[in-house]
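Peer 1: turn this into a model:
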Amino acid sequence: MKNVRSRLKALCGGDLIFESTEEGTTVTITIPKSEKEMRKEVP
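Peer 2: Numbers count the residues shown, from 1 in each chain. From the prediction side, this is the model:
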């Protein structure tokens, strides 16, 4: 998983987060929008 996290960060500035509780584990993958997609949202 360390490799996946470092590749996400290097390739697109993303992140991989694990949160564990007694009920289970939640994995969150964050991939930022590209500059092109962000420009579409600006009025």
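
Peer 1: quick check: closest non-adjacent residue to residue 16.
Peer 2: residue 5 (4.2 Å; Cβ to Cβ, 6 or more residues apart in numbering). (Each C-beta comes from the backbone N, C-alpha and C, glycine too.)

Peer 1: neighbours around that neighbour, how many?
Peer 2: When neighbours are counted by other Cβ atoms under 10 Å, residue 5 registers 15.

Peer 1: what are the contacting residues of the host helix or strand of it?
Peer 2: Residue 5 is part of helix 2-12 when elements are defined by DSSP states H and E. For helix 2-12, contacts defined as Cβ atoms under 8 Å, 6 or more residues apart in numbering pick out 14, 15, 16, 29, 31, 32.

Peer 1: hmm, try it at 7 Å
Peer 2: 14, 15, 16, 31, 32 (Cβ atoms under 7 Å, 6 or more residues apart in numbering).

Peer 1: buried ones in it, by neighbour count?
Peer 2: residue 8 (16 or more other Cβ atoms under 10 Å).

Peer 1: pLDDT weak spots in this protein?
Peer 2: Scanning the chain for pLDDT under 70 picks out 35-43.

Peer 1: any idea how far the residue positioned nearest the centre of it is from residue 3?
Peer 2: Centroid-nearest residue in the chain, with Cα atoms, centre = their mean: residue 30, separated by 1.7 Å. As for residue 30, its distance to residue 3 is 17 Å (criterion: Cβ to Cβ, to the nearest Å).

Peer 1: thanks a lot, catch you later.
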